[in-house]
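Undergrad: no sequence on this one, just coordinates:
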Ligand code: PEP
Ligand code: MG
């Protein structure tokens, strides 16, 4: 039995067999072949095996993920049957007496280089298809199994180096019971997705991929951040009990689903949910969300091959607004970049993507993308209580430019005779320290702030939110972070505006008492954290928490803050 420590990224316990989602070793040696006809036949057999494998994957993807996601596999099947690729490979085996692996790789590499150099998006995509197909055929030539997550048909725990947000979005909730990764932190987007899908997860274990083999029994303890590999039957039994206790605890919290969030001394705060797609609304309702405090619209743009149209976006925004029945819905405009990539935008690779051309910076330059989104939002605005916020605002000029573009699109729509809500509150994410420091000036012009601590912490501490080696610095309870949060809340209140928080800190048990004391108005978090936070706030006196906040803001270290909070909420 082996044990790994990591970061508890999504609550709950999962016990199942491991499924490794890792790149297999497809290396080979170039060899001289005597019997070239037998080698050509071996190549053709590998092609046939790859075809039937791809057909099965495509059929499964059609059912589980829909026809548009399955279409990519049709494209791969076409490449597999293409004589323009296969003939030169077979010729190479015959005329150069080389093994099938090297004939395939050398020919495919030549086509990939050729297509990639073309100034045409369609051809560039073909290069990606050829690369994928080559990998699959090579795996059959080498008798190595490629991971096929869409073919999973039994309960598993996914083990990976890292999961991209789009990998996570494609996990089938029915079979994927949990996941664990080598890298990542509590606020990496795979962790955020895991919470919204309610899949227990432990990230940042450093060595899960090396320590765990396919088929090992694994326990993912998303409450403590532990992973147990091939546990003893006694430990499995203990964990079944912990799982049951956790389910019972959740049933207790569930009784608060229709209650308002009011402290013992009668102060009301709003507990809202962070969502990524209209589907997440079920979780918001099941967990008693009082609104949507952050709709991360970038998921609409991911896992596809081109930008979503204005109408596609309109449908999604309208669905969320209607689904929330007039409750507040804060939609964040496109926040792409960092760990959220859009391959089809074909942006140059950057040295520091988290500090680069992303979010509002990209939207203000590529205005066609931004304007399409704003039009969709404005058109949807009459279907509920829409608030719009811009991500990664660093200067007042950026806010003013974004606001002016929104106003222009509004006027255009009105002149076209379209309906737009009279009043749409307009706010910003405060996730860059410069904005927190200048919050008093921003507060004069915005309608609200939403503090994005996931990024604010990483930029303030200069500690990558994805990197577990610097996670000791990435601490929401650092007095420096608390001071910035206080500045933002005070600045909003001084101008009669409201301040929310949509970073993961808003649902953190240790942070919530301090945030209540600092006067935060709206706490937006993963839906699954709402009921626990409500139960906590109902047991606190706001006036006591004000004293606690005043005390911790003047402390020197994170551990002093944690101790003071623990003492205060005992
Ligand atoms: C944040 O930075 O706190 C935030 C909510 O945005 P994201 O996690 O999407 O960067
Ligand atoms: Mg952010």
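TA: Looks like it arrived, so ask away. Fair warning: this is a prediction, and the values are worked out from it, not measured in the lab. Numbering: from 1, shown residues only. Ligands and ions are numbered 1, 2, ... in the order given.
Undergrad: Tell me where the stretch 251-400 of the chain has strands.
TA: Remark: strands assigned in the stretch 251-400 of the chain by DSSP state E, counting those that start in this stretch are 270-275, 292-296, 328-332, 385-390.
Undergrad: ok, residues contacting the third one?
TA: Pointing back at strand 328-332 there. Contact partners of strand 328-332, identified using C-beta atoms under 8 Å, 6 or more residues apart in numbering, comprise 270, 272, 290-297, 317, 320-321, 377, 384-391, 427, 429, 450, 500, 502, 524. All C-beta atoms are positioned from the backbone trio N, CA, C, and that covers glycine.
Undergrad: switch to 6 Å and redo it
TA: The list of residues contacting strand 328-332 from outside it, by C-beta atoms under 6 Å, 6 or more residues apart in numbering, reads 291-295, 320-321, 384-389, 391.
Undergrad: and the strands of the stretch 251-400 of the chain as TSV, adding mean pLDDT, distance to residue 160 and mean neighbour count?
TA: Rendered in TSV, the data for the strands of the stretch 251-400 of the chain read as follows (pLDDT from 0 to 100; distance: least, C-beta to C-beta, whole Å; neighbours: other C-beta atoms under 10 Å):
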stretch	mean pLDDT	distance to residue 160	mean neighbour count
strand 270-275	96	23	26
strand 292-296	97	22	27
strand 328-332	98	27	24
strand 385-390	98	32	24
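Undergrad: could these go into CSV alongside distance to residue 422?
TA: Listed next are the strands of the stretch 251-400 of the chain as CSV, based on distance: least, C-beta to C-beta, whole Å:
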stretch, distance to residue 422
strand 270-275, 23
strand 292-296, 21
strand 328-332, 16
strand 385-390, 11
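Undergrad: quick one on the thing from earlier: go through the contacts of strand 328-332 and name the one nearest ligand 1.
TA: Within the set of the contacts of strand 328-332, residue 294 lies nearest ligand 1; the separation is 5.7 Å, counting by C-beta to the nearest ligand atom.
Undergrad: beta partners for that closest one?
TA: According to DSSP bridges, the residues that bridge with residue 294 are residue 274.
Undergrad: list the contacts for residue 327?
TA: With the criterion set at C-beta under 6 Å, 6+ apart, residue 327 makes contact with residue 291.
Undergrad: ok, it to residue 27 distance?
TA: With distances taken as C-beta to C-beta, to the nearest Å, residue 327 is found 55 Å from residue 27.
Undergrad: likewise residue 318?
TA: Using C-beta to C-beta, one obtains 51 Å as the distance from residue 318 to residue 27.
Undergrad: out of those two, which sits in the more crowded spot?
TA: Residue environment comparison for residue 318 versus residue 27 gives the larger neighbour count to residue 318, 20 against 9, counting by other C-beta atoms under 10 Å.
Undergrad: The more buried one against residue 380, yeah?
TA: Yes - taking C-beta atoms under 6 Å as the definition, residue 318 is a contact partner of residue 380 at 4.5 Å.
Undergrad: Which residues are in contact with the residue of the stretch 401-550 of the chain found nearest ligand 2?
TA: Of the residues in the stretch 401-550 of the chain, the one nearest ligand 2 is residue 455, at a distance of 3.7 Å by C-beta to the ion. By C-beta under 6 Å, 6+ apart, the residues touching residue 455 are residue 431.
Undergrad: how about a cut-off of 8 Å?
TA: With contacts taken as C-beta under 8 Å, 6+ apart, residue 455 has the following neighbours: 354, 392, 429, 431-432, 465, 503.
Undergrad: just residue 555 next, same as before
TA: When the contact criterion is C-beta under 8 Å, 6+ apart, the partners of residue 555 are 479, 561, 564.
Undergrad: what packs against whichever strand or helix holds the second one?
TA: With elements taken from DSSP states H and E, the one containing residue 561 is helix 558-568. Under the contact criterion of 3 or more C-beta pairs under 8 Å, 6 or more residues apart in numbering; DSSP states H and E, helix 558-568 touches helix 479-494, helix 511-518, helix 542-552.
Undergrad: Thanks a lot, see you next time.
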